[in-house]
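# For reference, the sequence and a predicted model appear below.
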Amino acid sequence: MKLWNKGFEPDKMIEEFTVGNDRDLDLLLARYDVEGSLAHIAMLESIGLLTKEELTALTGELKEILAIIDRGEFIIEPGVEDVHSQVELILTQRLGDVGKKIHSGRSRNDQVLVDLKLFMRKEMQRVAKAVAGLFDKLQQLSERHKDVLMPGYTHLQVAMPSSFGLWFGAYAETLVDDMRFVSAAYDVANQNPLGSAAGYGSSFPLDRKMTTQLLGFADLHYNVVAAQMSRGKTERAVAMAISAVASTLGRFAMDVCMFMCQNFGFISFPDELTTGSSIMPHKKNPDVFEIMRGKCNRLQSLPNEIALLTANLPLGYNRDLQLMKDIIFPASTELTSCLEICVMMLDHIIVKDGIVDDPRYDYMFTVEDVNRLTLDGMPFRDAYRTIGMQVQRGEYRPTRSVSHTHVGSIGNLCNDQIREKMREVAAHLGVQV
Ligand code: ARG
């Protein structure tokens, strides 16, 4: 069935090419499509385009369709172009002419847009929840291992004392900033485009404020052209949020792989969480974190994909926009699955104690000793030279005592303050930390 049937059937090849896998992707929008229609018909009744009885009948049927969706039984029948057509078809089959009235003052352009906004708003909350889960785990580990030192590196050369408290806590705090991207994407999605119709509004006196309120949007896209332009823009915001989280998680995955390597040997995991080799009997590989790293690296290409797909599109609706679903829909699930498995792995991480007693890390204490001489009254540059010459002559012996007290350092991690920041950002998304 074509909503735009005008008495001829389009060529089959044309149909297959233009619809592609859009039907499958549209299934993820079904719930939001029905929710959008429920708001739209309530509004149509309020402006006299539906009678009370018609509204009651349509609402009842739409709720039936919601139940079908909840049971996982909703399908888009062969020959039906998209989710919007399927819902209208069901209503028309069950209610006759009343079903044909719901599209007044609406186009599939603003219909799919409202579906996408609702979908992306929800997805951003789901991502936020998963980010909060990893944040919690990292903070717990930071506290638990705050006294376990490890070498800090610059240029991948041993540099200064660091700690597991600092390492885990660093990723937790970085996630706070990523969460700000998620929150921004949520805000971009949280605006009502319904009523923009094909992109230029309607001559019906649509009550757009009413649908905004019914759908729980924080605000609306007022200008109908801007509303249509938000297709692509919203996806871009979501892609940037996903990419921000992925960049943190991918980097963490790399650290884990590196610290698991025998040359570092800082952490390990129980055997059953590692993978083996078909030829080397001793292997216990970090495949989980490698797959995570790979997936996160791919996810970072999303903003680029969207930028290219939407580059130089002329104003107004263009069918190219449909292809954005392919890019965005799997991405949030990909990301949340990475976040969740990361938490699961961290539940079992084994942290090695006494790493820095190994003489290979002796030089990591030079700055501590320079500072000690400085505190005893020697000018910093002289103290630097004194220790530097000891190193040069092979005479340096570390005192190994570390005392860092300032805000954000090994001895004063400020995890509570970091949690406060996260709490505030997450609360905006309705997520508790
Ligand atoms: N599947 C289409 C999309 O995602 C629905 C909107 C179709 N609108 C149109 N004018 N052909 O964009």
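Great, that's in hand.
# can we go C-alpha only for contacts and neighbour counts from here?
Will do.
# Strands along this protein, start to end?
Remark: strands assigned in the chain by DSSP state E are 149-154, 157-163, 191-192, 219-220, 267-268, 350-351.
# what packs against the first one?
Based on contacts counted as 3 or more Cα pairs under 8 Å, 6 or more residues apart in numbering; DSSP states H and E, the elements that strand 149-154 packs against are strand 157-163.
# What count of nearby residues applies to the closest residue to the ligand within the stretch 251-400 of the chain?
Scanning the stretch 251-400 of the chain for proximity to the ligand using Cα to the nearest ligand atom identifies Q322 as nearest, at 3.8 Å. By the criterion of other Cα atoms under 10 Å, Q322 has 18 neighbours.
# what does Q417 give?
12.
# quick thing: my sequence starts at 50, can you match it?
Right, with 50 as the first residue, what we last looked at is Q466.
# Give me the pLDDT value at it.
For Q466, the pLDDT comes out at 98.
# That one: what's it in contact with?
Counting by Cα atoms under 8 Å, 6 or more residues apart in numbering, Q466 makes contact with nothing.
# Also E354?
I376.
# Contacts only, for the residue nearest the centre of the chain.
What sits nearest the mean C-alpha location of the chain, by Cα atoms, centre = their mean, is I291, with 3.6 Å. Contact analysis of I291 by Cα under 8 Å, 6+ apart lists 231, 348-349, 380-381, 384.
# Could you dump the residues you listed into CSV with neighbour count, distance to the ligand and pLDDT added?
Formatted as CSV, these follow (neighbours: other Cα atoms under 10 Å; distance: Cα to the nearest ligand atom, whole Å; pLDDT from 0 to 100):
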residue, neighbour count, distance to the ligand, pLDDT
V231, 31, 23, 98
L348, 25, 22, 98
Q349, 20, 23, 98
A380, 22, 17, 98
S381, 21, 18, 96
L384, 22, 23, 98
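# what's the closest of the residues you listed to V400?
Of all these, V400 sits closest to L384, with 25.7 Å by Cα to Cα.
# V294 versus that closest one, what's the distance?
Separation of L384 from V294 (Cα to Cα, to the nearest Å): 8 Å.
# where does T203 sit relative to M92, distance-wise?
T203 is 61 Å from M92, by Cα to Cα.
# Look at the two and report which has more neighbours.
The neighbour count for T203 versus M92, taken as other Cα under 10 Å, is higher for M92 (21 against 8).
# what sits against that one?
Counting by Cα under 8 Å, 6+ apart, M92 has contacts 255-256, 259-260.
# And for F301?
Y220 are the contacts of F301 under Cα under 8 Å, 6+ apart.
# what about it, distance to K195?
Taking Cα to Cα, one finds F301 at 18 Å from K195.
# Which one (most neighbours) among the contacts of M92?
T260 (25 neighbours).
# Return the distance of that one relative to D268.
Going from T260 to D268 by Cα to Cα gives 10 Å.
# which neighbours do those two share?
Counting by Cα under 8 Å, 6+ apart, the residues touching both T260 and D268 are N241.
# Pull the contacting residues for the closest residue to F230 other than its chain neighbours.
In this structure, F230 finds its nearest non-sequential neighbour in A290, 4.7 Å apart by Cα to Cα, 6 or more residues apart in numbering. A290 is in contact with 227-228, 230-231, 233-234, counting by Cα under 8 Å, 6+ apart.
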